[in-house]
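> kindly generate the corresponding structure for this input.
(2 chains)
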Amino acid sequence: MRPTFWQRLDAFARNLTPVALTLVLVVLNVVPTHIPGIARVLPVLPLISIFYWSIHRPHLMPAPAVFLIGLFQDGLTGAPMGLHALIFLAVQGVVLFQHKFFMGKSFFVHWLGFGLVGAGAAALSWALLSAFHVTLFAADAIVFQYIMTVAAFPLFAFIFSRWQQAFLKLD
Amino acid sequence: MKEPHSFSRVAQPIRNFAQRFAYVGLVVAAFALMMLAKVDTILVERARTHMTDAVAPILDVLSRPLDTVNRGVAEVQAMKNLYEENTQLREERMRLMHWKSVAEKLEAENRVLKEQLNVIPEREASFVTARVIADTGGAFSQSVIVNAGAREGVEKGQAAVTADGLVGRVIDVGSRSARVLLLTDINAKIPVLVDPTRTRAIMAGANLAKPRLTWLPPGAVVSVGDSVVTSGHAGVFPPGLRVGQVAAVGEGGLIVQPYVDLTRLEYVRILNFGSGGILQLPQRSIDADVPGKERGRRP
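So this is what the prediction gives:
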């Protein structure tokens, strides 16, 4: 039986949600909290989202979307344009390259994997930032940010898995 | 998109190749964009302005509840220390009343002296008060987005301050939002004077919590506790805005503690001194008939 127009529209809308959720996280990331010092170590939430969906629904997180999410992040945070686009694409590339490894593995393996990939992303962002400004950056903020991001992973992975079960089960 | 069951065996490798090609293309594009951002900032900044402007209404709404919560917490805290604070404020008031009389006397004296010396008066500043709707102070950049833009008369290059002191400079202006580069950002280089010796210096941010003083003249004497104000050189900032205090003098250079707590910005005032923007030359019509004077005034 061919799906009706409304069924297809419904499926299309559901399939857009991983990217949409990631965009929401980009915006949430810059809402002022007024807590002293926290802005410097706030987790990079979109990174978690891109990692999660690249493992679980790679076809719903295509590379062009990742690129645009990265640009959006750069635009809002005031980082050099293209920096996060590059970092996010690199993370997605690594995940897809190791996709067979991640498939069907437990949550803890994913968390560990995120720890490794996140460390690579942090190192890459430090290198790119230093190259862009032609100066050696103090790495402390990036390291703290990395730790916070890894710490935030379980919560967001849980939310995403719930979301996946609720809205993206049919894939 | 569905799993490609229907594709023939030939189509699959081509598809894979195309996907890989697209991926590499995007990586190259991201790289190219960074290069472009380094070389031609105007084009890239314009794209950023449009992006910020589009999201500004959402950020405006999202930042409200947090602001309310914060104000609530602050109020409860204030209730607790009401008595002590009151005593403290009384003492401070006594002290300030004394200062007020001194300031009034000095102001009158200053006015008379300026009249005698024929000093050209500084332009009065008008200002727009804007709410901070996004805070991006991180490792990558130190800036905030405020909910006032070209519509409200905000222009690129204007200084942003709070009651405590200087916050930064407007670098991007959309129609309803603007981005303020904080004085701690790596791109912030502010000409300042260190009181009481009136030593010139450049205060440079490094995306760290505290900026540093650089380019001091040789033999300059600066000590901890000296206050730092904008010098007005290069015409970027109006002169005399309070910036901060020298917090440490050591191997790492001179570290400045800004007066403003940049992590808790809620409202900022964007000053308009009528000179508009950094690239506009100051109007010198008053000096025009005195040729020597113009050169003499330059830093």
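
> only C-alpha atoms for contact and neighbour calcs from this point on.
Noted.

> residue A:66 reaches residue A:88, doesn't it?
Yes. Under the criterion of Cα atoms under 8 Å, residue A:66 makes contact with residue A:88 at 6.4 Å.

> so what's residue 47 up against?
All of this is about chain A. residue A:88 (Cα atoms under 8 Å, 6 or more residues apart in numbering or on different chains).

> could you do chain B instead?
Contacts of residue B:47 were listed using Cα under 8 Å, 6+ apart, and they are residue A:75.

> which SSE is it in?
Per DSSP states H and E, residue B:47 falls inside helix B:41-80.

> and that helix, average pLDDT?
Mean per-residue pLDDT for helix B:41-80: 85.

> for chain A, name the helix or strand with the lowest mean pLDDT.
The least trusted helix or strand in chain A, going by mean pLDDT, DSSP states H and E, turns out to be helix A:99-102, with a mean of 87.

> contacts for that helix?
Residues contacting helix A:99-102 (Cα under 8 Å, 6+ apart): A:55, A:95, A:109-110.

> count the residues that sit near residue 96.
Going with chain A. 16 (other Cα atoms under 10 Å in any protein chain shown).

> try chain B instead
By other Cα under 10 Å, neighbour count at residue B:96 equals 14.

> ok, now residue A:5?
9.

> ok, residue B:145 next?
Residue B:145 - counted by other Cα under 10 Å - has 32 other residues nearby.

> now the residue lying closest to it once chain neighbours are set aside, which residues is it bridged with?
Take residue B:145 and drop its neighbours on the chain: the residue closest to it by Cα to Cα, 6 or more residues apart in numbering or on different chains is residue B:179, 4.5 Å away. Bridge pairing for residue B:179 (DSSP bridges) gives the partners residue B:145, residue B:172.

> pretty sure residue B:179 is touching residue B:173, no?
Yes. The criterion here is Cα under 8 Å, and residue B:179 meets it with residue B:173 at 6.5 Å.

> residue A:32 belongs to a helix?
No. Read with DSSP: H, G, I helix; E, B strand; the rest coil, residue A:32 is coil and lies in no helix.

> which element, helix or strand, includes residue B:38?
Per DSSP H and E: helix B:11-39 holds residue B:38.

> low-confidence ranges, the stretch 151-299 of chain B, go.
Within the stretch 151-299 of chain B, the ranges that satisfy pLDDT under 70 run B:250-252, B:274-299.

> those residues of it touching chain A, which are they?
Selection of the stretch 151-299 of chain B residues close to chain A by Cα under 8 Å from any Cα of the partner chain yields B:206, B:263-266.

> buried subset of the residues you listed?
The neighbour count (16 or more other Cα atoms under 10 Å in any protein chain shown) marks B:206, B:263-266 as buried among those.
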